[in-house]
Structure formats: C-alpha cells, structure tokens
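>>> A predicted structure for the sequence below; I have some questions about it.
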Amino acid sequence: MSLRLWSDEIEAMRPEARAVVEAGFVVLAEMLGRDQTPPEDPFARTAAQRAVYDRNFPGVPEGVDREIAGIRCRTFAPDGPARAVYLHFHGGGMVVGRPEMNDLGNRALARSQGLAVVSVDYRLAPEHPYPAGPDDGVAVARWLLDHAEREFGTPRLVLGGESTGGYMAAAVLLRMRDELGAIDRVLGANLVYGVYDWGGSPSQRGLRPHDGPDVLDPDGITFFSDCYLPGRTEAERRDPAVSPAFADLRGLPPLLCSVGSTDHLLDDTLMLASRAAAAGTEIDLFVAPDLPHGYSAFPCGITTAAQAVTEAWFTRIVGG
C-alpha cells in the first residue's frame, strides 16, 4: 500500500495555495515583525516581539479574563450548556504570544461546538524557562479536573493549541496521564503544527521536502529553544519529559495532528503522529501541501478543507 499524505482533491488545490501564500506572506511577516532585524540580547528581543503581538492581537469583547490556579486565563462561554471544556494553549515559541492570539478561533469553537474555552496565559522564557510553562498548564488542568463540572457544567475535557501551544497541549496531556492519573477525563487533543522534538528535527534544521516561504527558520527556532531550554544538550532536550515525540505514547485519547508541508515543524508532527499510531492511539493526520507554519492565515481551498476536518473531528469526539 502506498503512503499518501493528502488526497487527489487536496492535490488539485495546490496551485491556488501557492498563489495565496505568495501574495500574502509579506503582509504576515510584517505583522509578526519578521521583516525587522531583532536585538541580540534575548530579553530585549523577546520584549520587542511581545510588543508586536500585543499590538496585533488585542482580543475580542466576548473573551473574559479569569484567574484559574493563580494564572490568567482567557475564557469563552457557549450559547447553551457546555458539552466539554476546551483547554487551549497559544503559540509563540515559548517566548512570546498571548491567549488573545486565538480569540477568533476559540470564540468560533465555543459557538460551533458548544465548548467552554479556557486559554492559558502560561509563563514564558527566557524569564521562565522549562518547566514553568508546562507547570502552569498542569496547574490549570488540575483545577479543571476538580472544578470543571461545577463551574462549566461538564467534567469532560479536550486539549489543544497551535505551534508551541500544540507542544503545550501534548506535554500537559502526557502529564495528566502520568502525574494526575486523569487521562480518562480527556476526550482528545487537537495538536496544530506543534514542536515535539526540542533537539531539532530535520525540518527544524532546514531539511524540508518543499522550499516555500515560512514564518519560521532554523535560526529563529534555535533562539526559541535556547531561551526555553538554556544549557541543555541536544540529547537532554530530547528527554521524553521535554520532547513529547520521544515519550511513551500509549494510552492516549484520539489526536488530531495538523501541519503544512513547508512548515519547519513538519517532521515533528509526522514523527509524533506515526509513533502515537504505532502505540495504538487513534490518529487523524492532516498535511496541508505547500502551506507554511500558521497556515490558517492563508485562506484558500486547502485551509477551508483543514477547518472542515477540524470541525468534524470535534463533532465526533465531543458528541461521542
């Protein structure tokens, strides 16, 4: 049997996707500050990048800030009774970002899937390196295990996130299994173009199968990794407690793993998904050809298909 990562229908959409990326990439890079030379000092560099994110992602009025387990969280309520709680983590390389980045997506999920959304404003490096961020995620998860049914009307949880938010979701999911003994409370995890090999997968190092433009590059990934895991060797960064792709992936709930083929994190998703599938985990994999990291910013037929797959996955696991 041949291995195909996308269908003939998706293949036919590739020319449109390439044209959309070419037309819109410069605008996205400018919005994220990728067109400017960053300061050399890591603290000054992250401060400058955070200012860009704060300016470009102010949030929507439906989002409500709430302190959970001593951590600021961004919450959204569904129109009716909550069918589950979506524990969400934003991206940003573990050094920048804020929950408001995904306000539009989280508001849409609350409405379309009847989810209560809790998006965690976890601590960031270099001020707070590993394991501060995952510790914050586990603290909120523990609180939800104890209080979700009373506070939101349902004990059921779904985890998810984008970029390093996908990493956070995977790391917290594994710790819920191993430390909290509560994997049975999680319906599934939506892992969107995450980083799962902090030792540097081939695509992170620039060895990609498609050479399209990407908002990530090897130098930027090295910067994020050095801030988050200072002083650690490549082998130490691949400790299963640090890099989910190297963990024991047995006994997990269904996973939806999504990534673009020009993403420098492509190999991370392929490795995690294949290892989890071999361990008996139910996997849905969506690979978006010719699309970069953060592909949802490029509206085209392939991103529309990705959104349909995501909605169908949520409908299946939340409705089951």
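Thanks, I have it. Numbers count the residues shown, from 1 in each chain.
>>> any idea how far the longest helix along the chain is from the chain center?
Secondary structure of the chain per DSSP state H: the longest helix is helix 132-152. With Cα atoms, centre = their mean, to the nearest Å as the basis, helix 132-152 stands 18 Å off its chain's centre.
>>> surely Ala182 and Leu173 touch.
No: counting by Cβ atoms under 8 Å, Ala182 sits too far from Leu173 to count as a contact (10.2 Å). For glycine as for every other residue, the C-beta is placed from the backbone atoms N, C-alpha and C.
>>> of those two, who's got more company?
Neighbour totals were compared for Ala182 and Leu173, and Leu173 leads with 27 against 15 (other Cβ atoms under 10 Å).
>>> mind listing what's buried in the helix or strand hosting Asp226?
Element membership for Asp226, per DSSP states H and E: helix 218-228. For helix 218-228, the neighbour count (16 or more other Cβ atoms under 10 Å) marks 221, 223-228 as buried.
>>> what do you get for stretch 46-53?
For stretch 46-53, by 16+ other Cβ under 10 Å, it's 46, 49-50, 52-53.
>>> about what we covered before: just give me how far the helix holding Asp226 sits from the chain centre.
Chain-centre distance of helix 218-228: 17 Å, with Cα atoms, centre = their mean.
>>> hmm, back to that, right, and the helix or strand after the longest helix of the chain?
Helix 132-152 is succeeded, C-terminally, by strand 157-162 (DSSP H and E).
>>> so what touches that next one?
Residues from elsewhere that reach strand 157-162 (Cβ atoms under 8 Å, 6 or more residues apart in numbering): 84-91, 102, 115, 141, 144-145, 148, 166-169, 172-173, 185-194, 294, 296, 314, 317-318.
>>> sorry, back to before: using CSV, please lay out the buried residues of helix 218-228 together with distance to Thr269 and pLDDT.
Shown next, in CSV, are the buried residues of helix 218-228 (distance: Cβ to Cβ, whole Å; pLDDT from 0 to 100):
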residue, distance to Thr269, pLDDT
Ile221, 15, 98
Phe223, 21, 97
Phe224, 17, 97
Ser225, 17, 98
Asp226, 22, 98
Cys227, 22, 98
Tyr228, 19, 98
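>>> closest one of these to Thr303?
Thr303 lies nearest to Ile221 out of the buried residues of helix 218-228, by Cβ to Cβ, at 23.1 Å.
>>> the closest residue in space to that closest one that isn't next to it in sequence: neighbouring residues, count only.
Among residues not flanking Ile221 along the chain, Gln204 sits closest, at 5.1 Å (Cβ to Cβ, 6 or more residues apart in numbering). Gln204 is flanked by 24 other residues according to other Cβ under 10 Å.
>>> the one 5 residues further on now?
One way to gauge burial is a neighbour count; for Pro209, by other Cβ under 10 Å, it gives 12.
>>> how about the one 3 residues further on?
For Gly212, the number of neighbouring residues by other Cβ under 10 Å comes to 18.
>>> got a list of what it touches?
Contacts here follow Cβ under 8 Å, 6+ apart; on that basis Gly212 touches 18, 21, 262, 290-292.
>>> mind listing the helices for the stretch 51-200 of the chain?
For the stretch 51-200 of the chain, the helices defined by DSSP state H, counting those that start in this stretch cover 103-113, 132-152, 164-178.
>>> including distance to Val60 and mean pLDDT, could those helices go into TSV?
What follows is the helices of the stretch 51-200 of the chain, written out as TSV (distance: least, Cβ to Cβ, whole Å; pLDDT from 0 to 100):
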stretch	distance to Val60	mean pLDDT
helix 103-113	5	97
helix 132-152	20	98
helix 164-178	18	98
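>>> mind putting the contacts of Gly212 into a markdown table with pLDDT?
What follows is these, written out as a markdown table (pLDDT from 0 to 100):
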| residue | pLDDT |
| --- | --- |
| Arg18 | 96 |
| Val21 | 95 |
| Thr262 | 97 |
| Asp290 | 97 |
| Leu291 | 97 |
| Pro292 | 97 |
